[in-house]
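**Student:** below is the sequence, then the predicted model.
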Amino acid sequence: MRAIILTTQRTGSTFLVECLRSHPEIESSGEILNGDPDLPQPAYRGPFKDVVKAFRYASSGAWLADRWIRDFYARGSAKVRCFKAMYNQLSRPFAMHYFDANPDIKVMHLRRHNLLKVHVSTLLMSKRRFVQTRSPTDAVWLRVDPAQAIASMRAARSVQERFDKAFERHPRLQLAYESLFDGQFLQADSSRAICAFLGVPYSPMQSKLMKLNPESLRDMVTNYDELSAAISKTEFADMLA
C-alpha cells in the first residue's frame with residue numbers, strides 16, 4: 001500500500017515518521033522529495049546547510065519527482081510504504097503529477113492546529129543547533145513580531161486549505177500534532193486510527209524523539225504581552241491558550 005504524510009515544518013512529522021517505522025508492517029521515510037535517503041538521518045545544520053540540501057536534491061534525481069516517487073514505492077517489502085511530503089516540496093513544478101495520476105495513494109494529513117506555535121517554533125529553529133532532540137533541552141527565547149505572526153498564520157491556513165483541496169480525491173486521514181505525543185509513544189487513539197486507515201494490525205508505536213520546546217508561549221516569547229494583545233483581536237485569539 002502506498003501512502004504519504006502530508007505536512008509542513010514544526011508539526012511533529014519526524015516524530016510520526018519514527019513512530020510509523022516502529023510498526024512491523026510499515027516502512028516510513030523522511031523527505032525523499034529533497035533527495036533524502038529512505039532511512040531518515042540527522043539533518044546537517046552547519047553553515048553550508050542550504051548548499052548541502054541543494055546538492056543532495058540535484059545529485060539524487062529527486063527533481064524528477066514522478067520517477068523518484070515511483071522508484072521509492074517499488075522498493076521495500078512491508079505491507080505499507082510511506083514518506084513525508086512537505087507542502088513546499090509539492091509546490092515545485094510537476095511535483096504533484098504522480099499523485100494526480102494515482103488517487104489511490106493514502107494521505108495522512110498532519111497539521112498543528114495552533115498556527116501561532118508553528119510560527120514561533122519555526123523562528124526558534126535558527127537559534128538551535130538541532131531541530132529535534134532525544135533528551136531534555138533548555139528553553140530558548142526570542143521576540144516575535146505580532147504583524148509577521150498574524151501574516152504567517154493566515155498564509156499557513158491558506159496553504160493547508162489548498163492542499164486539502166489538491167488531495168480531495170485521495171483517501172485521507174486527518175491527524176493533529178496535539179494528538180500525537182504520549183511521552184515518546186504515539187497516543188493510542190492516533191495509533192489505532194492510523195492502523196485502521198492503513199489496514200494493518202494495531203500495534204503501539206514509539207519514537208526516541210522528545211518535544212523540543214516548552215508548551216507555553218510565555219516560556220518562549222520575550223514580548224508575550226505585546227503579542228497577546230495583538231493576536232487577541234484577530235481570528236487566531238484561541239491560539240494564545
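**Tutor:** Right, received. Where do you want to start? Numbers count the residues shown, from 1 in each chain.
**Student:** shaky segments in the chain?
**Tutor:** Residues of the chain meeting the criterion pLDDT under 70: 40-47.
**Student:** scan it for its longest helix.
**Tutor:** Looking across the chain with DSSP state H, the single longest helix is helix 146-166.
**Student:** next helix or strand past that one?
**Tutor:** Once helix 146-166 ends, the next helix or strand along the chain (criterion: DSSP states H and E) is strand 172-176.
**Student:** kindly format the C-alpha coordinates of that next one as CSV.
**Tutor:** The C-alpha coordinates for strand 172-176 follow below in CSV (Å, rounded to 0.1, in the frame of the first residue of the first chain):
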residue,chain,number,x,y,z
ARG,A,172,-7.4,10.9,3.7
LEU,A,173,-6.9,10.7,7.5
GLN,A,174,-6.7,14.0,9.4
LEU,A,175,-4.0,13.9,12.1
ALA,A,176,-3.1,16.7,14.7
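**Student:** what separates the helix or strand that comes right after that strand from the chain centre, distance-wise?
**Tutor:** Next helix or strand after strand 172-176 toward the C-terminus (DSSP H and E): strand 181-182. Strand 181-182 sits 16 Å away from the centroid of its parent chain (CA atoms, centre = their mean, to the nearest Å).
**Student:** quick one: list the elements packing against strand 181-182.
**Tutor:** Packed against strand 181-182 by the contact rule (3 or more CB pairs under 8 Å, 6 or more residues apart in numbering; DSSP states H and E) you find no helix or strand. Using the backbone N, CA and C atoms, a C-beta is placed for each residue, glycine as well.
**Student:** one more time with 10 Å, if that's ok
**Tutor:** helix 13-21, helix 188-198 (3 or more CB pairs under 10 Å, 6 or more residues apart in numbering; DSSP states H and E).
**Student:** which SSE is immediately downstream of the helix or strand encompassing Val52?
**Tutor:** Using DSSP H and E, Val52 sits within helix 49-60. Following helix 49-60 in sequence order, the next helix or strand is helix 65-74 (DSSP H and E).
**Student:** between that following helix and helix 49-60, how many degrees?
**Tutor:** Here helix 65-74 runs at 80 degrees with respect to helix 49-60, directions being taken by axes from the mean of the first three to the mean of the last three CA atoms, to 10 degrees.
**Student:** now do the buried residues in helix 65-74.
**Tutor:** By 16 or more other CB atoms under 10 Å, the buried positions in helix 65-74 come out as 65, 68-69, 72-73.
**Student:** in its sheet, what does the very next helix or strand once past it sit against?
**Tutor:** Per DSSP H and E, the first helix or strand lying C-terminal to helix 65-74 is strand 80-86. The strands beside strand 80-86 in its sheet (DSSP bridges) come out as strand 2-7 (parallel), strand 26-29 (parallel).
**Student:** what's the angle between the longest one and helix 13-21?
**Tutor:** Which is strand 2-7. 150 degrees.
**Student:** so how far is Leu16 from the spatially closest residue to Met125 that is not a sequence neighbour?
**Tutor:** Leaving aside its chain neighbours, Met125 sits nearest to Val131 (5.4 Å; criterion: CB to CB, 6 or more residues apart in numbering). Distance of Val131 to Leu16, computed by CB to CB, to the nearest Å: 15 Å.
**Student:** who's more crowded, the two?
**Tutor:** Leu16 (26 against 17; other CB atoms under 10 Å).
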